[in-house]
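Visitor: Take this sequence and fold it.
(chains A and B)
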Amino acid sequence: MRSNHLHVLLIAATLGALLGARGALSEVVLHTEKSLYRNVTVTEQDGERCMKFSRFYQGSRQSCIFLNDRSKLVFAYTKMMLASLYLTPNPKRVLVIGLGGGTLPGALQRLYPDIDMDVVEVDAAVIRVAQKYFDFRPGPNVHVIEEDGRVFVKRAGRSGTKYDLVLLDAFDHEYIPEHMLTREFLQEVKAVMQPDGVLAANTFSNSRLYAHESATYEAVFGRFYNLKDANRVILVKLDGLPSQGIVTSNASSVDNRLAVTGTTAEWLLPMFSSARDWPAGTRVLTDQYSPANLLNVQ
Amino acid sequence: MFRFLVFAIAGWSGFFVMAIELLSGRILAPNFGSSIYVWGGVITIFMLALSIGYLLGGRLSTRAPSLRKLAVMLGLAALATLPVAIAGDSALDRIFELVRDPRYGSLLSSTLLFFVPTVVSGMVSPYAVRLLVQETRLSGRNAGQLYFVSTFGSAAGTISTAFYLVLYLEINQIIWTLAVISAILAAIGIGWKPRSAF
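Guide: The predicted structure follows:
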């Protein structure tokens, strides 16, 4: 395994050197496989290794790591997901839905070595690739479960499992599992959260879906914090949204810890908004009505 | 008019089956996910039910075939689908409790919810062929026309449900709408009297 890995790196380095002579480093494909759900491709370029679900479209990068600094997070949205720690600075038990390259659960693992974490991923190929190419290491307290996110949450609810923090990262720009963007699903998520539990969801900032998604989250959780960049992260706290003051003081308590990831309160705090920026009366998505993918293209 | 009604019933039956099949994936997703094996379970049961329906419909067509009986089949298929809209969720919750493996969960759910209406829908096509055929020489041509209409109906049912209906209506509203249209067509077929009958 290891020598195989080294071999690939050598080829990558050689190719990089050859092509680098001409200017910017070209992209090198380390691995590609067809899973039941998609094509999973691992590429390297300019010191970053990425997991992609489509080979040619840049926007399909699911997860990336910096090869020279594994602790530092590449994507803004991953850092925005960590803003959930400003609402619950010391989570003991965490549920992550959607593994990707494992950058988010990996970061939490490094930040909180004692953390108890369940990571649910539907695609076995993604689980393999995350471990082989992205250094994601499940441990005694970190379990990876190969299952549909909704099915897992529903079962966890029936067995009475509760989490301090739920990170929902199951969507990408090309495809939304529609059964995980409905009022009934969010109610099932609510049922596996501690009374003071926090939910962070990586979702969409453009398209008609924005308003529907906002209305759906509001229908289940009431007011929420909305962080917007190219992506959008929704932050919910079950026992009521903390004031900006509390968020700021929590932020300063975890700021040192988060520094290695490249996440700073200075960058994140100004994004916090609880403004209602979608039309009143927007139709809520339900198990009966969930054309999320159709709404996302229009 | 007689032939038009036979074709209309067969075409609508094709539309109905595929619209329900597409919705069934939706209906199962909250309990079993939307993976390939969930669709596998759904499609297996629909194909199995249709195959048995063809056999039964063909057999039934040998005994005093009539447009009225064909129309009754269409109505029965719609009626047998209504429990999905009325009690589908509670049935699925029970199966979710009983079966851990989503493959067998979706297979069992599809069987319970969709097997009977799809068997009845499957009976329509061979029975309709019998009503159309008057001479052996033209039987293949009649069967071809019937397959065309019924499969074209299926294509129409698939695209209109997947592309448009789900964008405006709830799943149960779609099921009720389809059932009402089936009931209207069935009523017309049952009430139809040949002008030259004596």
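Visitor: Residue B:81 reaches residue B:181, doesn't it?
Guide: No - the pair residue B:81 and residue B:181 fails to qualify as a contact (Cβ atoms under 8 Å) at a distance of 12.0 Å. Just so you know, the C-beta spots here come from the backbone N, C-alpha and C atoms, and that holds for glycine as well.
Visitor: Outline the domain layout of chain A.
Guide: A:2-70, A:73-297 (automatic domain parsing).
Visitor: Comparing residue B:81 and residue B:181, which shows the higher neighbour count?
Guide: residue B:81 (27 against 15; other Cβ atoms under 10 Å in any protein chain shown).
Visitor: mind checking pLDDT for residue A:1?
Guide: On pLDDT, residue A:1 comes in at 39.
Visitor: ok, now the one 4 residues further on?
Guide: For residue A:5, the model assigns a pLDDT of 53.
Visitor: just the one 10 residues further on next, same as before
Guide: At residue A:15 the predicted local confidence, pLDDT, stands at 51.
Visitor: By mean pLDDT, which helix or strand of chain B comes out lowest?
Guide: helix B:166-168 (a mean of 93; mean pLDDT, DSSP states H and E).
Visitor: I'd like to know which elements that helix is packed against.
Guide: helix A:292-297 (3 or more Cβ pairs under 8 Å, 6 or more residues apart in numbering or on different chains; DSSP states H and E).
Visitor: ok, the helix it packs on near chain B or not?
Guide: Yes - residues of helix A:292-297 contacting chain B under Cβ under 8 Å from any Cβ of the partner chain: A:294, A:295.
Visitor: same check, this time on stretch A:274-285
Guide: No - counting by Cβ under 8 Å from any Cβ, chain B is not contacted by stretch A:274-285; separation bottoms out at 10.1 Å.
Visitor: what is the mean pLDDT for that stretch?
Guide: Rounded mean pLDDT across stretch A:274-285 is 94.
Visitor: ok, now stretch A:110-122?
Guide: Mean predicted lDDT for stretch A:110-122 stands at 95.
Visitor: Identify the residues contacting that stretch?
Guide: A:37, A:71, A:90-99, A:102, A:105, A:108-109, A:127, A:130, A:138, A:141-149, A:152-153, A:156, A:163, A:177, A:257-258, A:260-261, B:33, B:35 (Cβ atoms under 8 Å, 6 or more residues apart in numbering or on different chains).
Visitor: Including mean neighbour count, could the domains of chain A go into CSV?
Guide: Formatted as CSV, these follow (neighbours: other Cβ atoms under 10 Å in any protein chain shown):
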stretch, mean neighbour count
domain A:2-70, 15
domain A:73-297, 19
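Visitor: and residue 71, how many residues sit next to it?
Guide: If you meant another chain, say so; for now it's chain A. There are 14 residues near residue A:71, going by other Cβ under 10 Å.
Visitor: that's the other chain; I wanted chain B
Guide: As a measure of burial, residue B:71 has 23 neighbours, counting by other Cβ under 10 Å.
Visitor: Lowest average pLDDT across the domains of chain A?
Guide: domain A:2-70 (a mean of 72).
Visitor: What parts of chain A come near chain B?
Guide: A:36-37, A:122, A:147-148, A:150-151, A:154, A:158, A:177-179, A:182, A:184-185, A:286-291, A:294-295.
Visitor: Try it again at 6 Å.
Guide: Within chain A, the positions near chain B by Cβ under 6 Å from any Cβ of the partner chain are A:36, A:148, A:151, A:179, A:287, A:288, A:289, A:291, A:294.
Visitor: Just give the nearest non-adjacent residue to the residue in chain B positioned nearest to chain A, would you?
Guide: Using Cβ to the nearest Cβ, residue B:33 is the residue of chain B that sits closest to chain A, at 2.9 Å. Residue nearest to residue B:33 in three dimensions, not counting chain neighbours: residue A:148, with 2.9 Å by Cβ to Cβ, 6 or more residues apart in numbering or on different chains.
Visitor: again with residue A:213
Guide: Residue A:213 sits nearest to residue A:203 (Cβ to Cβ, 6+ apart), 5.7 Å away.
Visitor: Which residue does the stretch 101-250 of chain A have closest to chain B?
Guide: Nearest residue of the stretch 101-250 of chain A to chain B (Cβ to the nearest Cβ) works out as residue A:148 at 2.9 Å.
Visitor: so residue B:133 makes contact with residue B:143?
Guide: No - using Cβ atoms under 6 Å, residue B:133 makes no contact with residue B:143, being 7.7 Å away.
Visitor: my guess is residue A:129 contacts residue A:39, does it?
Guide: No - counting by Cβ under 6 Å, residue A:129 does not reach residue A:39; the two are 11.2 Å apart.
Visitor: which outside residues touch the lengthiest strand in chain A?
Guide: Counting residues, the longest strand found in chain A (DSSP state E) is strand A:193-203. The contact list for strand A:193-203, computed with Cβ atoms under 6 Å, 6 or more residues apart in numbering or on different chains, reads A:77, A:81, A:84, A:87-88, A:162-169, A:213, A:232-239.
Visitor: Please name the nearest non-neighbouring residue to the residue positioned nearest the centre of chain B.
Guide: Using Cα atoms, centre = their mean, the residue of chain B that lies closest to the mean C-alpha position is residue B:17, 3.3 Å off. Nearest residue to residue B:17, sequence neighbours excluded (Cβ to Cβ, 6+ apart): residue B:121, at 4.7 Å.
Visitor: who does the helix or strand the one you found falls within touch, helix- and strand-wise?
Guide: Assigned by DSSP states H and E, residue B:121 belongs to helix B:102-132. When contacts are defined as 3 or more Cβ pairs under 6 Å, 6 or more residues apart in numbering or on different chains; DSSP states H and E, helix B:102-132 sits against helix B:2-32, helix B:36-60, helix B:67-98, helix B:139-159.
Visitor: Ok, which of those helices comes nearest residue A:54?
Guide: Residue A:54 sits nearest to helix B:36-60 of all these, at 18.7 Å, using Cβ to Cβ.
Visitor: Now the closest one: buried residues?
Guide: B:37-38, B:41-42, B:45-46, B:48-50, B:53-54, B:56-58, B:60 (16 or more other Cβ atoms under 10 Å in any protein chain shown).
Visitor: Enumerate every residue touching residue A:292.
Guide: Residue A:292 touches A:176, A:178, A:181, counting by Cβ under 6 Å, 6+ apart.
Visitor: Check whether the second one really touches residue A:290, as I assumed.
Guide: Yes - distance between residue A:178 and residue A:290: 4.4 Å, which falls inside the contact criterion (Cβ under 6 Å).
Visitor: Since that was my last question, I'll sign off now.
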